[in-house]
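Participant: Let me see the structure of the following:
(chains A, B, C and D)
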Protein chains: 2
Amino acid sequence: MTTTIHDVARIAGVGIGTVSRVINNSPGVKPATRKRVLSAIAQLNYRPNPIARSMISKRTGAIGVIVPFFTRPFHTELLRSVQVALSRSGKELVLYDVETAAQRNYYFSELPMLHRVDGLLLLSLPLDDEFAVDIKEAGIPIVLIDTYCPFFTSLIVDNIEGAYQAVKYLIELGHRRIGFINGVIEGNIKFNQANDRWIGLHRAFGEAGLLFEPEFMFTSEWNRSGGKQAALQLLSLQKRPTAIFAASDMQAIGVIEAAKDLHLNVPDDISVIGFDGIEVAELLELSTIQQPIQKLGELGVSKLLEIMKKPQQLPELIRLNTTLIARRTTRAFASRL
Amino acid sequence: MTTTIHDVARIAGVGIGTVSRVINNSPGVKPATRKRVLSAIAQLNYRPNPIARSMISKRTGAIGVIVPFFTRPFHTELLRSVQVALSRSGKELVLYDVETAAQRNYYFSELPMLHRVDGLLLLSLPLDDEFAVDIKEAGIPIVLIDTYCPFFTSLIVDNIEGAYQAVKYLIELGHRRIGFINGVIEGNIKFNQANDRWIGLHRAFGEAGLLFEPEFMFTSEWNRSGGKQAALQLLSLQKRPTAIFAASDMQAIGVIEAAKDLHLNVPDDISVIGFDGIEVAELLELSTIQQPIQKLGELGVSKLLEIMKKPQQLPELIRLNTTLIARRTTRAFASRL
DNA sequence: TTGTACGCGTTATCAA
DNA sequence: TTGATAACGCGTACAA
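Facilitator: From the prediction side, this is the model:
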């Protein structure tokens, strides 16, 4: 049924070794023979079986991407940039979506051993040391994007600096009562996007000689309704904040919805700034801290390919910068007497 | 280095055949032997090599999804629903993003022959008969979602009916000068989303005894800036439309931006309705024709799995319905004297 | 320069 | 109930 290398060899009147050499552009094939083989290949419309090739070469040409596809548009956009970069390098992308902790653990513990993919890209998900050790032992190349683990090359954005930019900007606009809606912290608390944003906020406050009031901080899911619920509480406080910094754009959008429900005008009554810089933020003219999404994907892929070539490299920690984008949801605070 | 079935057999003191039987839960293994094998497997932390298995079984456990990942959020959301359904069925998802016609043709002609995936899901992309024949011959199961080809099971939404719903709704709101921004038509014109929406519009007009003025139709890319450009032209006409129907939500959002630039109020000066029902539409309170995105993904996957089990089925054409969602961008036309 | 034989890690067949 | 052995389709030493 399926035509194999033997069929080609027979038609071309050569041995399978020669056919293989032609396919792989190995040297030492007489031009005339090569031509015969090539025409046999064309005649039979033959394609080498990738599975059989993988069997010997131990490589599949595919990269596994582990990503919480559904939690935030940020992840989708990150996935896109990864896809573009992989495609350019001729790699296939196998998508491993994790929706639950169980699924994540399954991927972490099984994927590295199965060798279905040549390398792994981990997006945004925290990696426990326990699993990190297994992955290290399995020897599969891996790069972490938007998450950090000391064992592997990790690309992160400077979340502290990003949050600092956001809050400093609000303070400069004259805001003093600033609410903060953080995202829930998953995994290791030491290296964590949410925690870093918390730290950045404090730095900005400290630098301005101000004190952040703990009751102005809420934690919510990283989504719209989470942000909305938290904002409803923040905005119902006796002395409500005049500005809110949300740890993600989707939460910030929830804040805007909450404001609307409470008949508060954005930005007149309340300034809102998000974090991520997803496309929707632009559509809604939301001020935000822009993450270098494209760069994260591109650089992550190129680092991974590097490691796949030279496996013995030391892990790097690469920190990328964020950019403040002031749009229509923030404005100077004017006290209304 | 990597532990194989032979290692397990040696440790357990059995033949590799027995180990294989244990792994695959084949009957006819004495409980005691099974236990010995199992403990050897645990001891060595052995995992069967999927590549080697595929070599014999001729199956990879993976489904290839061919999708224009970048053109519209609609595709991303469709991809999501496909991912969920595949994951539930324990299938891996290999993502083939097509950005150019060349890339699409490459996938269409090579993917079916390579057997890297057990089945193919084609999202939104038109499939020429020429390629369809090749795919048919290669014998790989395939299901088309949001696109149609007579040779294969295809899931489509009723674009004619959807466009009809949209335009009928605008007419019922009292609008008479209705602009239509269609998307560019790719591939076969006979079965085409854009063309069908065009037909649906005409049906609504005809039924109301009205005539659609050709100068009220523009064609643009399926994105925001395309919609915006087209809308700028539409809204600059001598007698500009009082309502605009866009063939996609992103184009509709472009229309809203154009209206804002021209200092026209939506919906007071101009009603806008889109098509797709993507998440952003909800955020922007855009009236739209909702496609059954989740259903498309789920049903597409289940049909594909069906076909993979029983390959000789006749192709089906499954048509799903759209739903009108009236939100804040449409309102009754009140002539202003 | 070319052909043959072996091995990759598994499943399946068949004889014991 | 089990073990040896032959595929699966390919790359690659090695011999010719």
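Participant: Now do the SS call for A:I156.
Facilitator: strand (DSSP: H, G, I helix; E, B strand; the rest coil).
Participant: er, A:L121 actually
Facilitator: strand.
Participant: Surely it and A:I145 touch.
Facilitator: Yes. Contact criterion Cβ atoms under 8 Å: A:L121 and A:I145 qualify, at 6.4 Å. All C-beta spots, glycine's among them, are computed from the backbone N, C-alpha and C.
Participant: Between those two, which contacts overlap?
Facilitator: In terms of Cβ atoms under 8 Å, 6 or more residues apart in numbering or on different chains, A:L121 and A:I145 are both contacted by the residues A:V82, A:G300.
Participant: The lowest-mean-pLDDT helix or strand in chain A: what's the following helix or strand?
Facilitator: Using mean pLDDT, DSSP states H and E, helix A:193-207 stands out as the lowest-scoring helix or strand of chain A, at a mean of 89. The helix or strand immediately downstream of helix A:193-207 is strand A:217-220, counting by DSSP states H and E.
Participant: which other residues reach that next one?
Facilitator: Contacts of strand A:217-220 (Cβ under 8 Å, 6+ apart): A:179-185, A:194, A:198, A:226-227, A:229-230, A:233-234, A:251, A:254.
Participant: Can I get stretch A:201-213 in PDB, CA atoms only?
Facilitator: Output of stretch A:201-213 as PDB, limited to C-alpha atoms (Å, rounded to 0.1, in the frame of the first residue of the first chain):
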ATOM      1  CA  LEU A 201       3.800  48.600  43.800                       C
ATOM      2  CA  HIS A 202       5.400  48.900  47.200                       C
ATOM      3  CA  ARG A 203       8.600  50.200  45.600                       C
ATOM      4  CA  ALA A 204       6.700  53.000  43.900                       C
ATOM      5  CA  PHE A 205       4.800  53.900  47.000                       C
ATOM      6  CA  GLY A 206       8.000  53.900  49.100                       C
ATOM      7  CA  GLU A 207       9.900  56.000  46.600                       C
ATOM      8  CA  ALA A 208       7.100  58.600  46.700                       C
ATOM      9  CA  GLY A 209       7.200  58.600  50.500                       C
ATOM     10  CA  LEU A 210       3.700  57.200  50.600                       C
ATOM     11  CA  LEU A 211       2.100  54.400  52.500                       C
ATOM     12  CA  PHE A 212       0.000  51.700  50.800                       C
ATOM     13  CA  GLU A 213      -3.100  50.900  52.700                       C
END
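Participant: who's in contact with it?
Facilitator: With Cβ under 8 Å, 6+ apart as the criterion, stretch A:201-213 contacts A:I160, A:A163, A:Y164, A:A166, A:V167, A:K168, A:I171, A:R176, A:R177, A:I178, A:F180, A:F245.
Participant: what's the nearest residue to the first one if we skip its chain neighbours?
Facilitator: It refers to A:I160. A:G200 (4.1 Å; Cβ to Cβ, 6 or more residues apart in numbering or on different chains).
Participant: Up against chain B, what does chain A have?
Facilitator: A:2, A:45, A:47, A:49-52, A:54-55, A:60, A:62, A:69-70, A:76, A:80, A:83-84, A:87, A:92-97, A:99, A:103, A:110, A:113-116, A:224, A:253, A:280, A:283-284 (Cβ under 8 Å from any Cβ of the partner chain).
Participant: Mark which of the contacts of strand A:217-220 are buried, thanks.
Facilitator: A:179-183, A:194, A:198, A:226-227, A:229-230, A:234, A:251, A:254 (16 or more other Cβ atoms under 10 Å in any protein chain shown).
Participant: Closest to A:G274 out of these?
Facilitator: A:Q251 (6.9 Å; Cβ to Cβ).
Participant: Just say helix, strand or coil for the spatially closest residue to A:G297 that is not a sequence neighbour.
Facilitator: Once flanking residues are discounted, A:G297 sits nearest to A:S81: 2.7 Å by Cβ to Cβ, 6+ apart. For A:S81, the assignment made with three-state DSSP gives helix.
Participant: Could you give the number of residues near A:S81?
Facilitator: 20 (other Cβ atoms under 10 Å in any protein chain shown).
Participant: Against DNA strand C, how distant is it?
Facilitator: From A:S81 across to DNA strand C, the span is 35 Å (Cβ to the nearest atom of the strand, to the nearest Å).
Participant: cool, A:A163 as well?
Facilitator: For A:A163 relative to DNA strand C (Cβ to the nearest atom of the strand), the value is 48 Å.
Participant: In space, what's closest to that residue - neighbours in sequence excluded?
Facilitator: A:G200 (2.8 Å).
Participant: circling back to that earlier point, list the contacts for the residue nearest to A:G297?
Facilitator: Contacts of A:S81 by Cβ under 8 Å, 6+ apart are A:I293, A:Q294, A:K295, A:L296, A:G297, A:E298.
Participant: Let's see the ChimeraX selection covering just the buried ones among those.
Facilitator: To isolate the buried members of these in ChimeraX, using 16+ other Cβ under 10 Å:
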select /A:293,296,297,298
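Participant: Show me the subset of the contacts of A:S81 that also lies near DNA strand C.
Facilitator: Contacts with DNA strand C are made by none of the contacts of A:S81, judged by Cβ under 7 Å from any atom of the strand.
Participant: how about the nearest residue to A:L304 once chain neighbours are set aside, what does it touch?
Facilitator: On the basis of Cβ to Cβ, 6+ apart, the spatially nearest residue to A:L304 that is not a chain neighbour turns out to be A:V143, at 4.3 Å. By Cβ under 8 Å, 6+ apart, the contact set of A:V143 is A:119-122, A:152-155, A:300-301, A:303-304, A:307.
Participant: same thing but 7 Å
Facilitator: A:L121, A:F152, A:T153, A:G300, A:K303, A:L304, A:I307 (Cβ atoms under 7 Å, 6 or more residues apart in numbering or on different chains).
Participant: give me the number of residues near A:Q312?
Facilitator: A:Q312 has 5 nearby residues by other Cβ under 10 Å.
Participant: any idea how far it is from A:F131?
Facilitator: The gap separating A:Q312 from A:F131 is 21 Å, by Cβ to Cβ, to the nearest Å.
Participant: tell me which element A:A334 falls in.
Facilitator: Going by DSSP H and E, A:A334 is not in any helix or strand.
Participant: which residues in chain A form strands?
Facilitator: A:62-67, A:92-97, A:119-123, A:142-145, A:154-157, A:178-183, A:217-220, A:243-246, A:271-276, A:287-290, A:317-320, A:323-325 (DSSP state E).
Participant: Show me the one of those that comes nearest B:P267.
Facilitator: Short answer: strand A:271-276, nearest of the strands of chain A by Cβ to Cβ, at 24.7 Å.
Participant: Quick check: neighbours of that closest one in the sheet, parallel or antiparallel?
Facilitator: Its sheet considered, strand A:271-276 pairs with strand A:243-246 (parallel), strand A:287-290 (parallel) by DSSP bridges.
Participant: Tabulate those strands (a markdown table), appending distance to DNA strand D.
Facilitator: Below are the strands paired with strand A:271-276 laid out as a markdown table (distance: least, Cβ to the nearest atom of the strand, whole Å):
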| stretch | distance to DNA strand D |
| --- | --- |
| strand A:243-246 | 53 |
| strand A:287-290 | 45 |
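Participant: Switch the ones you listed over to JSON lines; also include mean neighbour count, distance to DNA strand C and mean pLDDT.
Facilitator: Below are the strands paired with strand A:271-276 laid out as JSON lines (neighbours: other Cβ atoms under 10 Å in any protein chain shown; distance: least, Cβ to the nearest atom of the strand, whole Å; pLDDT from 0 to 100):
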{"stretch": "strand A:243-246", "mean neighbour count": "32", "distance to DNA strand C": "49", "mean pLDDT": "98"}
{"stretch": "strand A:287-290", "mean neighbour count": "26", "distance to DNA strand C": "46", "mean pLDDT": "98"}
